[in-house]
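Chemist: sequence and computational prediction follow.
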Protein chains: 2
Amino acid sequence: MQTDTAQAPAGASPQGASYAPTGRTVPTRARDRAAYDHETVHAILDAGYVCHLGFVRDGAPVVLPTLYGRVGDRLYLHGSTGSRPVRMAGASGGSAGPGLPVCVTVTHVDGLVLAKSAFHHSINYRCVVVHGTAHQVVDEDEKTAALDALVDHVLPGRAADSRPGNAKELAATAVLRLDLHEVSAKIRTGGPHDEPEDLELPYWSGVLPVTPAYGTPIPSDGLAPGTPQPAYLPAH
Amino acid sequence: MQTDTAQAPAGASPQGASYAPTGRTVPTRARDRAAYDHETVHAILDAGYVCHLGFVRDGAPVVLPTLYGRVGDRLYLHGSTGSRPVRMAGASGGSAGPGLPVCVTVTHVDGLVLAKSAFHHSINYRCVVVHGTAHQVVDEDEKTAALDALVDHVLPGRAADSRPGNAKELAATAVLRLDLHEVSAKIRTGGPHDEPEDLELPYWSGVLPVTPAYGTPIPSDGLAPGTPQPAYLPAH
């Protein structure tokens, strides 16, 4: 299935570059919604911090929400050294182990699409699906950079504004790396596709935009007096 | 793996009932965050409408965002008759086919947990993971009720306020049913677990609440003049 996958560079993406479609990244339906260019794929990945990590255990699928970050053409997934996918990916000493076949999916819901007919109801969304083999990161420098990327995906600028992990914490944390080779985006935008004969029906139709929103930050009880609220938190 | 799964009733849940934990619904880590009672599981499922559907294709995992609804102890997943998981679940005539082993995961992010140390950063979330075999719904009445549930998950009350599907539309739509037997919830709440020796560090720590928000509804161009905005849409 992966024979016609393009070899994407690890690091910066060339301008206008695309991931080569493969048998499993070309959707069976709505192919006009699919995109493969790096810019679109990276923008969708960078807009989120929770992916859904799929792997196979005893022949059956498992899907777990997982924190992730991106550095160039590599996706990094957070785990603990004891977590199931990390143990299944395998690693010992300086070796990354055999790796774990995974599918990582990131989805953003942008709107509820209300059509006059129940059938044409839909969702506006941006989604990226990555197929590949995840390997545990064993290089300490790569691991540190990956963990910074994970924290900065949650809130840009936060990694530099917190205490870095010490040796014990780094040892308890595992990071899986998934190279972005076999990747596709799928996007739906716009209003409902009402049937012409439905247009006169009395039902409301249109789009209800959905956006993630932040509430008022809740400081810890243990916050040192006078600690300012950082600029990367929303002002209220 | 499924031998010690409780037989959950299809329909109403008895007061205080729980799903029996199994080998794959007991987490390897943070077991105190796991819950199995129907009330908790159903509330998490009912608060969403997009799940991540995992299945195995050619031995490799696939994870796709999918619309879903719940009726009692059954989860219904939306598909088209041509979609991959629907074809893999199989169905012909009045028979539901062999079914497709799946894992369905629903995740809500409730907050970003910012600790003084990078290591203790986390996410507040509510998550449900369902393991089982999905079958295509072949009974027309069950299919109609399932599609109503799907639309009402997106916006409660909307199913009754739109044109029901006609025979052609129903034939083009497929619904997969997944009985809620092997199910678990996982929940994290509260603030960061800062190390005592970190408390005096100058970094902000606390929780940034995350809530889904709706923008201003955008009516279709084809909306009949005088069509009122329904009460289930947010007022702006």
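Modeler: Sure, I can see it.

Chemist: which stretches of chain A have low pLDDT?
Modeler: Where chain A drops to pLDDT under 70, the residues are A:1-15, A:91-96, A:236.

Chemist: all helices for it, in order.
Modeler: Remark: helices assigned in chain A by DSSP state H are A:38-46, A:84-89, A:140-154, A:167-172.

Chemist: deepest of those helices, which one?
Modeler: helix A:84-89 (a mean of 21; mean count of other CB atoms under 10 Å in any protein chain shown). Where C-beta positions appear, they are placed from N, C-alpha and C, glycine not excepted.

Chemist: got the contact list for that helix?
Modeler: Identification of contacts with helix A:84-89 by CB atoms under 8 Å, 6 or more residues apart in numbering or on different chains yields A:53, A:55, A:57, A:62, A:64, A:77, A:79-80, A:96-100, A:102, A:134-136, A:174, A:176, B:28.

Chemist: and those, which are buried?
Modeler: Those of these that meet the buried threshold are A:53, A:55, A:57, A:62, A:64, A:77, A:79, A:96-97, A:99-100, A:102, A:134-136, A:174, A:176, by 16 or more other CB atoms under 10 Å in any protein chain shown.

Chemist: just those residues: which are in strands?
Modeler: Judged by DSSP state E, these include A:53, A:55, A:57, A:62, A:64, A:77, A:79, A:100, A:102, A:134-136, A:174, A:176 as members of strands.

Chemist: out of the residues you listed, flag the one nearest to residue B:144.
Modeler: residue A:62 (32.0 Å; CB to CB).

Chemist: so the closest one sits right up against residue B:24, yeah?
Modeler: Yes - the pair residue A:62 / residue B:24 is scored as a contact, 7.3 Å apart, by CB atoms under 8 Å.

Chemist: what do these two both touch?
Modeler: Shared contacts of residue A:62 and residue B:24 (CB under 8 Å, 6+ apart): residue B:131.

Chemist: counting neighbours, which bits of stretch A:66-86 end up buried?
Modeler: With burial defined by 16+ other CB under 10 Å, the residues of stretch A:66-86 counted as buried are A:66-79, A:83-86.

Chemist: show me the contacts for the residue sitting furthest away from the middle of chain A.
Modeler: Computed with CA atoms, centre = their mean, the maximum C-alpha offset from the centroid of chain A is found at residue A:200, amounting to 40.9 Å. Residue A:200 sits next to residue B:224 when contact means CB under 8 Å, 6+ apart.

Chemist: could you measure it against residue B:226, distance?
Modeler: Here residue A:200 is placed at a distance of 12 Å from residue B:226 (CB to CB, to the nearest Å).

Chemist: follow-up on the earlier one: residue A:181 is nearest to which of the helices of chain A?
Modeler: So among the helices of chain A, helix A:38-46 is nearest, using CB to CB, at 11.4 Å.

Chemist: from the middle of its chain, how far away would the closest one be?
Modeler: 9 Å (CA atoms, centre = their mean, to the nearest Å).

Chemist: same check on stretch A:119-131?
Modeler: 14 Å.

Chemist: check whether it comes near chain B.
Modeler: Yes - under the criterion of CB under 8 Å from any CB of the partner chain, chain B is reached by stretch A:119-131 at A:119, A:121, A:123, A:125, A:127, A:129, A:131.

Chemist: where does the second one fall, phi/psi-wise?
Modeler: When quoted as degrees, to the nearest 10, the phi and psi of residue A:121 stand at phi -60, psi 140.

Chemist: tell me which residues touch it, please.
Modeler: Applying CB under 8 Å, 6+ apart to residue A:121 gives the contacts A:113, A:114, A:115, A:192, B:151, B:154, B:158, B:162.

Chemist: quick one: contacts for residue A:212?
Modeler: Contacts of residue A:212 (CB under 8 Å, 6+ apart): B:210, B:211, B:212, B:213.

Chemist: hmm, who's touching stretch A:134-151?
Modeler: Defining contact as CB under 8 Å, 6+ apart, one finds that stretch A:134-151 is touched by A:49, A:55, A:67-71, A:76-78, A:85-86, A:89-91, A:93-97, A:99-102, A:158-160, A:162, A:164-165, A:170, A:173-178, B:118, B:121.

Chemist: what comes up buried for stretch A:110-123?
Modeler: Buried-residue list, stretch A:110-123, by 16+ other CB under 10 Å: A:110-123.

Chemist: cool, and stretch A:187-201?
Modeler: Neighbour counts over stretch A:187-201 (16+ other CB under 10 Å) mark A:187, A:191, A:192, A:194, A:195, A:198, A:201 as buried.

Chemist: give me phi/psi at the last one?
Modeler: Right, the one you point to is residue A:201. The phi and psi values for residue A:201, taken as degrees, to the nearest 10, are phi -60, psi 150.

Chemist: tell me, how many neighbours does residue A:231 end up with?
Modeler: Residue A:231 has 9 neighbours, counted by other CB atoms under 10 Å in any protein chain shown.

Chemist: residues touching it, list them.
Modeler: Residues counted as contacts of residue A:231 (CB under 8 Å, 6+ apart) are residue A:157.

Chemist: picking up where we left off before, select, out of the helices of chain A, the one closest to residue A:20.
Modeler: Using CB to CB, these put helix A:38-46 closest to residue A:20, at 11.6 Å.

Chemist: next up, the contacts around the closest residue to residue A:184 other than its chain neighbours.
Modeler: Nearest residue to residue A:184 in three dimensions, chain neighbours excluded: residue A:25, at 3.9 Å (CB to CB, 6 or more residues apart in numbering or on different chains). Counting by CB under 8 Å, 6+ apart, residue A:25 touches A:19, A:34, A:36, A:129, A:131, A:182, A:183, A:184.

Chemist: likewise for residue A:235?
Modeler: Residue A:235 makes contacts with residue A:229, as judged by CB under 8 Å, 6+ apart.

Chemist: circling back: strands - which of the buried residues of stretch A:110-123 land there?
Modeler: Counting by DSSP E, these place A:110, A:111, A:112, A:113, A:114, A:122, A:123 in strands.

Chemist: could you single out the nearest of the residues you listed to residue A:220?
Modeler: Nearest to residue A:220 among those: residue A:110, at 32.8 Å, using CB to CB.

Chemist: and the closest one, how far is that from residue B:27?
Modeler: Look at residue A:110 and residue B:27: by CB to CB, they are 31 Å apart.

Chemist: same check on residue A:188?
Modeler: Distance from residue A:188 to residue B:27, by CB to CB: 34 Å.

Chemist: one more: residue A:22?
Modeler: For residue A:22, the distance to residue B:27 equals 33 Å [CB to CB].

Chemist: now residue A:98
Modeler: According to CB to CB, residue A:98 stands 24 Å off from residue B:27.

Chemist: and for residue A:220?
Modeler: Residue A:220 sits 26 Å away from residue B:27 when distances are taken as CB to CB.

Chemist: out of the two, which sits in the busier spot?
Modeler: residue A:220 (20 against 17).

Chemist: the more buried one contacts residue B:208, doesn't it?
Modeler: No - counting by CB under 8 Å, residue A:220 sits too far from residue B:208 to count as a contact (11.8 Å).
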